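S.K.: I need the structure of the sequence given here:
(chains A and B)
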Amino acid sequence: MNPVVTALIPIAGVIALGWGLRRTGLVRAELWAGVNRLSYQALLPALLFSTISTAELQGGEAAPFLIAATLAFIAMGVIALAFKPLPVGGPAYTSLFQGAVRWNGFVLLALAGAVFGPEGAALAALVFAPTVPIINVMCVAALTIWGASDRKPEAQRVAFRIVTNPLILACLAGAAANALDWFQTGPVADTAALAGRAALPLILLAIGAGLDFSALKARPALLSLSVSLKLIVAPAVFYGLGLAFGLEGLPLILITAIGATPGAAASYVLASEMGGDARLMAGHVTATTIAAFIALPVWIQVAGG
Amino acid sequence: MTGLILTAFLPIFGLIALGYGVRATGYLPRELWAGINALNHRLLLPAFLIALFARSDLSASGSASLAGAAALGSLTLIIAGILTARLLSASRREAASVCAVAVQWNFVLTLGLAERLLGEAAPLSAAPVAAAGVLIGAGFTVASFAWASSGSASGAVKRIVRDPVLIACVIGIILSFLQLGQHAPILVSGLELLGAGSLAVILVAMGAGLDFAALKGRIRLLIAAAALRCGLGALVFIAIAMIMGVSGDGLVVLALAGAAPGAAVTYAIAADFKGETGLVAGMLTLSVLVSAAVLPVAAAFALSL
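M.R.: Numbering: from 1, shown residues only, chains lettered A, B, ... in the order given. The predicted structure follows:
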């Protein structure tokens, strides 16, 4: 069996298990807030720190990869802006915008480690540092302009939240530790590695728990467009920019796979808080999570030649 | 050897400290831990056990003596717990707490330490020890809390057959004898993904459950439970292992099991039966503190033989 498909099966299984736990009430919907918080605020930063700090990366290889990935997210923002003239309301458009630019890196982190080894996992982890702030700024700006909420965010508060984002801090700390050759072994490295091992299973379960199949019925035409932007246009853009920056081999495969990842659950939270179309966003996250299990192996095959 | 012990113990207790820290500082408030604890009891711990047993061969030579030693040790602690509770004139609910904490050792922490001390061979010895320990420990704990809350034997039996940890234990043991992990690894790969992460989540949750305020009052019961669990437990498990001729990795695992703190799941079971949760929290907290001192000594002793 194709190794990507083999690696995706347990990932899909854990996501399905999360959905089943929530759906059957074994772990009720309101109880997932703690799981999410522990994953995003403590375990995932530990995983990013551990992966990046111990990675054997060549700066010359990582730099064009990161630049190309960052530019690809900006390009997706520009492409999404081209759809603004569509006859849809502002809130629905913000969900289309978020759907086009937000990515769920955790599915890729789980996949990259299993299929491409430590180097793949490290490259996938590094992408979080430059892209988390850029994506958040783009989405908050879109929601501020076109969202239905009267409550506009304060620039200072948004900036503070981005600067203190644990994922960004963990990436930066990991890169610094890698460069300075600190915490390669010893209790800090071991504790971070042990904590990090728990991040992906928990996040995958939480992704499953957040799936909402009833939301697939909301605005089917717009939903089809947002899913197409995410899983057809985005991978093509990422692949094209990867080629333009001279990437080949593993970095080219990974940058293409970033484009083919599903939508992020965080986009639903932001849509709910800032006047986006939260139901459309829930449908987008659910549809792309399912469809990504077809898109990812296909696009990885395309990029791997 | 000191270096080996420190390397093994610091990350494990580091995670427990991390859990305590994120809860005590309010970074992850107490109310959000309910979901994580539910996930632990209903999914992660069962997945951990099934994955452990499914990839082990419980029919291998030597497994029976390891399981036998663990079973004898557990039964000895049950008897010691009952006698101690009578000696201290404990109520029915207090007696159930003393016996449950004494008999149900923390097998997740034990396996985590065993893996760090013994390497990849650890599950071979840990699986039979855990199989006997979980069946007796969890079975007795559920029965004693059910009996203390209702006084009904049939109620206790009903709860035992529905307990997720016990169900997982039985499923895992069956899978081990069918050698499903070897014949169809893809079927257990999802569980292994969950199992790999569950160790850290369970340790972090254990730290979050530490309650130093619960150490006040009923101090004799608290000390008795912690002394039975970590002090008498270590002596009994090591002595039985030596009498039965168990040596090497098996002896180390049994020493760790004997000196381990009480299982955090005891609190969840006590809460399910509306038992003495405050008392159990205090007993578990004290057992963690005592085990931090006793475990390294027990491990060093077993490794030196």
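S.K.: buried residues, the helix or strand encompassing B:Leu18. List them.
M.R.: In this structure, B:Leu18 sits in helix B:2-24 according to DSSP states H and E. By 16 or more other C-beta atoms under 10 Å in any protein chain shown, the buried positions in helix B:2-24 come out as B:5, B:8-20, B:22-23. The way it works is simple: take the backbone N, C-alpha and C, and place the C-beta from them, glycine included.
S.K.: again with stretch B:202-215
M.R.: Buried, per 16+ other C-beta under 10 Å, within stretch B:202-215: B:Ile202, B:Leu203, B:Val204, B:Ala205, B:Met206, B:Gly207, B:Ala208, B:Gly209, B:Leu210, B:Asp211, B:Ala214, B:Leu215.
S.K.: and for the nearest residue to the fifth one once chain neighbours are set aside, the neighbour number?
M.R.: This means B:Met206. Nearest-residue entry for B:Met206: B:Ala264, 4.3 Å, with adjacent residues in sequence omitted and distances by C-beta to C-beta, 6 or more residues apart in numbering or on different chains. B:Ala264 is flanked by 29 other residues according to other C-beta atoms under 10 Å in any protein chain shown.
S.K.: also B:Ala126?
M.R.: Applying other C-beta under 10 Å, I find that B:Ala126 has 30 neighbouring residues.
S.K.: wouldn't it be in contact with B:Ala114 here?
M.R.: Yes: using C-beta atoms under 8 Å, B:Ala126 makes contact with B:Ala114 at a distance of 5.0 Å.
S.K.: and for these two, which residues touch both?
M.R.: B:Val253 (C-beta atoms under 8 Å, 6 or more residues apart in numbering or on different chains).
S.K.: got a list of what B:Phe140 touches?
M.R.: B:Phe140 touches B:Ser74, B:Ile78, B:Cys99, B:Ala100, B:Val103, B:Gln104, counting by C-beta under 8 Å, 6+ apart.
S.K.: of those residues, which is the most crowded?
M.R.: That'd be B:Ala100 among the contacts of B:Phe140, by other C-beta under 10 Å, with 34 neighbours.
S.K.: tell me, what residue is most central in the chain?
M.R.: No chain in the question, so chain A it is. A:Asn104 (2.2 Å; C-alpha atoms, centre = their mean).
S.K.: correction: the question concerned chain B.
M.R.: Central residue of chain B (C-alpha atoms, centre = their mean): B:Asn106, at 2.0 Å.
S.K.: quick revisit: only alpha carbons, please: show the helix or strand just after the helix holding B:Leu18 as PDB.
M.R.: Sequence-wise, the next helix or strand downstream of helix B:2-24 (DSSP H and E) is helix B:33-39. Once non-C-alpha atoms are left out, helix B:33-39 reads as follows in PDB (Å, rounded to 0.1, in the frame of the first residue of the first chain):
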ATOM      1  CA  TRP B  33      -9.800  19.400  33.300                       C
ATOM      2  CA  ALA B  34     -13.100  17.500  33.400                       C
ATOM      3  CA  GLY B  35     -12.900  16.800  29.600                       C
ATOM      4  CA  ILE B  36      -9.300  15.700  29.800                       C
ATOM      5  CA  ASN B  37     -10.000  13.400  32.700                       C
ATOM      6  CA  ALA B  38     -13.100  11.900  30.900                       C
ATOM      7  CA  LEU B  39     -10.900  11.400  27.800                       C
END
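S.K.: distance between helix B:33-39 and the chain's centre?
M.R.: With C-alpha atoms, centre = their mean, to the nearest Å as the basis, helix B:33-39 stands 18 Å off its chain's centre.
S.K.: ok, and does that helix reach over to chain A?
M.R.: Yes: Helix B:33-39 lies within reach of chain A by C-beta under 8 Å from any C-beta of the partner chain, at B:Trp33, B:Ala34, B:Gly35, B:Ile36, B:Ala38, B:Leu39.
S.K.: list of residues touching that helix?
M.R.: A:21, A:26-28, A:30-35, A:38, A:202, A:205, B:23, B:201, B:205, B:208-209, B:268.
S.K.: buried subset of those residues?
M.R.: A:21, A:26-27, A:31-32, A:34-35, A:38, A:202, A:205, B:23, B:201, B:205, B:208-209, B:268.
S.K.: and A:Pro3, how many neighbours?
M.R.: For A:Pro3, using other C-beta under 10 Å, the count is 12.
S.K.: over to B:Ala196?
M.R.: 16.
S.K.: how far away is it from chain A?
M.R.: Between B:Ala196 and chain A the computed distance is 5 Å (C-beta to the nearest C-beta, to the nearest Å).
S.K.: chain A against chain B: which residues are in contact?
M.R.: Going by C-beta under 8 Å from any C-beta, the residues of chain A near chain B are A:6, A:9-11, A:13-14, A:17, A:21, A:26-28, A:30-35, A:37-38, A:41-43, A:110, A:187, A:190-191, A:193-202, A:204-205.
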